[in-house]
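**Q** The sequence isn't on hand, but the structure is:
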């Protein structure tokens, strides 16, 4: 007998596993549906559900804040209070920015006019041809045409953190007037980074593509070839007293050689005294500068303007007690002295008020133009008034019926009294 036949005759008896496998071809297959179901790794079938994205369905899904507050209870109203905090603080923050901008407006306009006059003076030395302007070396001229017009901005002992905000705002103002502006920090002028570090930081702000090479001829080519030569290049250094003197000196000497190709105008912040450049720059570097002095408002003037706009005029309806105001004012005058820290403390007080006071949600609609319409048809709908009526403080001082109109009338009267108080103070 052939080996293959013997093997076939001596096959082992079928096991349950083998029998199950032999029955598989006899399973009944049902007709598939038009949409193919998803089959998971375990072999079960998962049916897809069609989601209706029609506007009518979405409208039903999106619930107003009032219903969310009802369903969420105290937590829902807490979320609405935080939403009201965001609205109120946004108003306070924008008011502070407007106040600081208005305080600096006159000085910023003077600086812009000086920049334009300085640019015209540089242009009066003569226009370069395209070939001269794009050569990779400076133009040899007399000493008078190598002077850098330099604006020294006295900040009157303003803290460094406030200086940053002021010079950032100055940069935005000059950019809005068409100037090419780069804001450099004193951290760019360190002995470790050297002249290459501050030049690379400068190039990154003017050129779209980042460059590793620190070559001033790249900036000259950008200024001429890209059609940027009709406006001055303004370089703002926030605090020269924090800069490394040798690096800043090399920076000034370099740009004085290239001033005809790149009409750079320097603006440098001075914290203590206008004699500060003499203390950190060499005499030959000072001869390259053509300085002009500008003075900003004092920190106390800024503080008083912010307090008047935010707390006295009550731009958002939020106010603090006299005790808190005195504490913050004294801390500013005697210890910290920064506008930034005062604003941060005011934000903390505001957030604490909204997190602890149940009725603080009223502030979101309190100072709308149409008081009663805003209070009754805006944020404080019937459910929110019901929540206010349920508070223990209302129960202790309950007078009259629970009426939304009377509640809104009382709030309007409160606003009127605050307006009269503000008129007396101012």
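**A** Received the coordinates, thanks. Keep in mind the model is a prediction, meaning the values are calculated, not measured.

**Q** Now stretch 100-114: buried residues?
**A** Neighbour counts over stretch 100-114 (16 or more other C-beta atoms under 10 Å) mark 100, 103, 104, 107, 108, 111, 112, 114 as buried. Yep, even glycine has a C-beta here, placed from its N, CA and C like the rest.

**Q** do stretch 272-288 as well
**A** 276, 277, 280, 281, 285, 288.

**Q** Of those, just say which sits nearest to residue 235.
**A** residue 288 (14.0 Å; C-beta to C-beta).

**Q** Would you mind finding the longest helix in this structure?
**A** helix 74-123 (DSSP state H).

**Q** pLDDT of that one, averaged?
**A** Across helix 74-123, the average pLDDT comes to 86.

**Q** buried sites along the strand or helix carrying residue 349?
**A** Assessed by DSSP states H and E, residue 349 sits inside helix 339-356. Using 16+ other C-beta under 10 Å as the burial criterion, the residues of helix 339-356 that qualify are 339, 341, 342, 343, 345, 346, 349, 350, 353, 354.

**Q** What residues does the third one make contact with?
**A** Residue 342 is in contact with 303, 306, 328, 332, 336, counting by C-beta atoms under 8 Å, 6 or more residues apart in numbering.

**Q** Give me the buried positions along stretch 213-226.
**A** Buried, per 16+ other C-beta under 10 Å, within stretch 213-226: 214, 216, 217, 218, 219, 220, 221, 222, 223, 224.

**Q** Out of the residues you listed, which sit inside helices?
**A** Those of those lying in helices (DSSP H): 216, 217, 218, 219, 220, 221, 222, 223, 224.

**Q** Can you check the pLDDT for the third one?
**A** According to the predicted model, the pLDDT of residue 218 comes to 86.

**Q** Next: residue 285.
**A** pLDDT, read off for residue 285, is 91.

**Q** Can you tell me the element it falls in?
**A** Going by DSSP H and E, residue 285 is part of helix 283-286.

**Q** Could you spell out which stretches of this protein belong to which domain?
**A** 75-92+300-392, 104-297 (automatic domain parsing).

**Q** How about the contacts made by the spatially closest residue to residue 291 that is not a sequence neighbour?
**A** Closest residue to residue 291 apart from its sequence neighbours, by C-beta to C-beta, 6 or more residues apart in numbering: residue 150 at 4.9 Å. If you count contacts by C-beta under 8 Å, 6+ apart, residue 150 has them with 265, 266, 267, 268, 289, 290, 291, 292.

**Q** what inclination does the helix holding residue 349 have with respect to helix 74-123?
**A** 160 degrees (axes from the mean of the first three to the mean of the last three C-alpha atoms, to 10 degrees).

**Q** average model confidence for helix 339-356?
**A** pLDDT averaged over helix 339-356 gives 85.

**Q** Tell me which two of the contacts of residue 342 sit farthest apart.
**A** 306 and 336 (14.4 Å).

**Q** Give me the more crowded residue out of these two.
**A** residue 306 (20 against 16; other C-beta atoms under 10 Å).

**Q** and the more buried one, that one's in a strand?
**A** No. Residue 306 is assigned helix when assessed by DSSP: H, G, I helix; E, B strand; the rest coil, not a strand.

**Q** And the pLDDT at it?
**A** So, for residue 306, pLDDT stands at 87.

**Q** quick one: contacts for residue 330?
**A** Taking C-beta under 8 Å, 6+ apart as the definition, residue 330 has no contacts.

**Q** actually residue 92, not the one I wrote
**A** Residue 92 sits in contact with 310, 315, 316, 318, 346, 347, 350, where contact means C-beta under 8 Å, 6+ apart.

**Q** from these, which is closest to residue 188?
**A** residue 347 (30.0 Å).
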